[in-house]
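**Q** Quick one, fold the following:
(chains A and B)
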Amino acid sequence: MIFGLEFPLIENLVEWPNLFGPEGSWYGFNKIALINLVALLATTLLFLLASRRKTLEPATNTPRGTRNIAELSVGLIREGIIMETVGPQGIRYLPYLASLFFFILITNIFEIIPFFHMPGNARMAGPAVLALITWVYFIAVGLKHQGLKYFWNSVAPPGVPKALLPLVIPIELLSTFIVRPFSLAVRLFANMLAGHILLVTFSVLCITLFSASLLVVVLPLSFAMLVALTGFEIMVAFLQAYIFTILAAVYIGTSMHADH
Amino acid sequence: MSILAQAAGYVPASKAEAQAITAAGYAGLAYGLAAIGPGIGIGYLVGQSVQAMARQPEAAGMVRTTMFLGIAFTEALALIGFVVFILVKFV
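**A** Numbers count the residues shown, from 1 in each chain, chains lettered A, B, ... in the order given. Have a look, this model is predicted:
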């Protein structure tokens, strides 16, 4: 009890009871698993439905409905992300980056959907797996384009004088192979967790202030802050999906072109 | 025990709880210090990119993309500080 107000435990924010399966095991199905499942189905269905022939206007072959949305998004990712960072050779990685973008976007947007109010990336499992897959992906792209010399080229860039190599190699090794996936995962996880804690703090503050004491004058301010932060969280959801995707594209690009 | 908790009139139940409250104070200090550097860095970065966009509006798209990339890298440091706060307080 602080200043006469009661606050709930932190575990109630991020731990959810299982629908089936024992607690703490990997196959327990809780709210986060449900959110990830819905995001998976939504992403798959969006692109499956958009690729049917019926989604073209019969007279002029212009796209409409879901196909329009899917084409716009793919165009944006292609022009805005891949062309800017990787170049024309990167178009073959468009399916991976598009599905990454939509999966992260939909799991993030669950923060503001009324009965869920939980971003699926606020526990470390989701971002860790996505960062791991992206890590393996860009190492595989590097190996495919440069063979086994990829490891040497990435830790000792071609323009470095030989005397500096003992200094540069540990730094580059740490930076390229350890910090990149770690920072990808932590960036997404911490942004989502921080936004969630902010929203929950102001919501619980609103409910707790709804009491008979003098503190009820703070209630409109707290509610206005909650509304503003919800708008901010929508922006953060889009931004974090975009940042993850563009960083994945940049890492793939530097893996492909490191021998310049 | 932390000064703020004393001001709020909180009486700890035991010495262990008083230590826990002070540890929570240090955890908050950890994040506060971690947020100084990225705050300055991101402010400088966005300022320079606004200047670049004003100098040459045709390059605004490329500058904007690089700006977002730079913001992502510097913000990651502040967020690692936030993760340290979570680790100290709740683990």
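**Q** neighbouring contacts of the helix or strand hosting A:Y137?
**A** For A:Y137, the host element (DSSP states H and E) is helix A:125-146. Under the criterion CB atoms under 8 Å, 6 or more residues apart in numbering or on different chains, residues A:32, A:36, A:93, A:96, A:100, A:103-104, A:107, A:120-121, A:150, A:153-154, A:177, A:180-182, A:184-186, A:188-189, A:192, A:244, A:248, A:251-252, A:254-256, A:258-259 lie in contact with helix A:125-146. Using the backbone N, CA and C atoms, a C-beta is placed for each residue, glycine as well.
**Q** in that helix, what's buried?
**A** Neighbour counts using 16 or more other CB atoms under 10 Å in any protein chain shown place A:126-128, A:130-131, A:134-135, A:137-139, A:141-142, A:146 of helix A:125-146 among the buried residues.
**Q** hmm, back to that, the contacts of helix A:125-146: which ones sit near chain B?
**A** Restricting the contacts of helix A:125-146 to those touching chain B (CB under 8 Å from any CB of the partner chain) yields A:186, A:189.
**Q** Could you list which of the contacts of helix A:125-146 belong to helices?
**A** Here DSSP state H is the test, and these give A:32, A:36, A:96, A:100, A:103-104, A:107, A:150, A:153-154, A:180-182, A:184-186, A:188-189, A:192, A:244, A:248, A:251-252, A:254-256 as lying in helices.
**Q** And those, which of them are buried?
**A** By 16+ other CB under 10 Å, those give A:32, A:36, A:96, A:100, A:103-104, A:107, A:150, A:154, A:180-181, A:184-186, A:188-189, A:192, A:244, A:248, A:251-252, A:254-256 as buried.
**Q** Skipping adjacent residues, who's closest to the residue of the stretch 151-260 of chain A found nearest chain B in space?
**A** With CB to the nearest CB, the shortest gap between the stretch 151-260 of chain A and chain B falls at A:A190, namely 3.6 Å. For A:A190, ignoring the flanking residues on the chain, the nearest one in space by CB to CB, 6 or more residues apart in numbering or on different chains is B:L79 at 3.6 Å.
**Q** Pull the contacting residues for the one you found.
**A** Contacts of B:L79 (CB under 8 Å, 6+ apart): A:186-187, A:190-191, A:194.
**Q** And A:P63, by the same measure?
**A** Contacts of A:P63 (CB under 8 Å, 6+ apart): A:55-57, A:71.
**Q** just those now: which is nearest B:Y10?
**A** Taking CB to CB as the measure, B:Y10 lies nearest A:E71 of these, at 58.3 Å.
**Q** SS state for the closest one?
**A** At A:E71 the chain is in helix, as set by DSSP: H, G, I helix; E, B strand; the rest coil.
**Q** Next, the nearest residue to it once chain neighbours are set aside: phi, psi?
**A** Spatial nearest neighbour of A:E71, chain neighbours left out: A:P63 (5.2 Å); criterion: CB to CB, 6+ apart. The phi/psi pair for A:P63 (degrees, to the nearest 10) reads phi -80, psi 150.
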